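> need a structure here:
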Amino acid sequence: MEDALSERDKAEQIAEHLRQEPYRLLINDCLTKSIRFRRECRKLGIDARLVFCAGLVPARIPILGRRITVLVLHAWGEVAGERMEVSRPLGAEGILGIRPVEIRPVLALRR
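Just a heads-up that it's a prediction; the model follows:
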């Protein structure tokens, strides 16, 4: 049954495993998890890329009592042109209520 899984399905399993690991800034953050994602995919023969970007995202600023758009640095994996977030469980909020899936890249580097 394992052989029946597509490359995308295998990559999604790797991504989900990484999403469930605790997020820790500079130790197990979006960049380190994305590097691990690419490495683990390539071990299985899956052509995965690392995308690092400066992007815009809505953030909740408590002192202002509202959401504003802020610039953030972010990384994710990419398989067959599809963005695969690995930093947190899908839909989970980070610092200031930022959801990684909502980050819109302004400048992106793919490796």
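> now the protein, which segments are flagged as low pLDDT?
Applying pLDDT under 70 to the chain flags residues 1-4.
> For the residue most central in space within it, grab phi and psi.
In the chain, the C-alpha nearest the mean C-alpha coordinate belongs to Glu85, at 2.9 Å (Cα atoms, centre = their mean). Here is the backbone geometry of Glu85 (degrees, to the nearest 10): phi -70, psi 130.
> repeat for Thr32
Per-residue torsions, Thr32: phi -70, psi -40 (degrees, to the nearest 10).
> That one: neighbour count?
Burial of Thr32 is recorded as 19 neighbouring residues (other Cβ atoms under 10 Å). Backbone N, C-alpha and C define where each C-beta goes, glycine included.
> ditto for Leu64
Counted with other Cβ under 10 Å, residues neighbouring Leu64 total 8.
> Over to it. Which of the three states is it?
At Leu64 the chain is in coil, as set by DSSP: H, G, I helix; E, B strand; the rest coil.
> got the phi/psi numbers for it?
In terms of degrees, to the nearest 10, the main-chain angles of Leu64 are phi -90, psi -20.
> measure it to Trp76 for me?
The spacing between Leu64 and Trp76, counted by Cβ to Cβ, to the nearest Å, is 28 Å.
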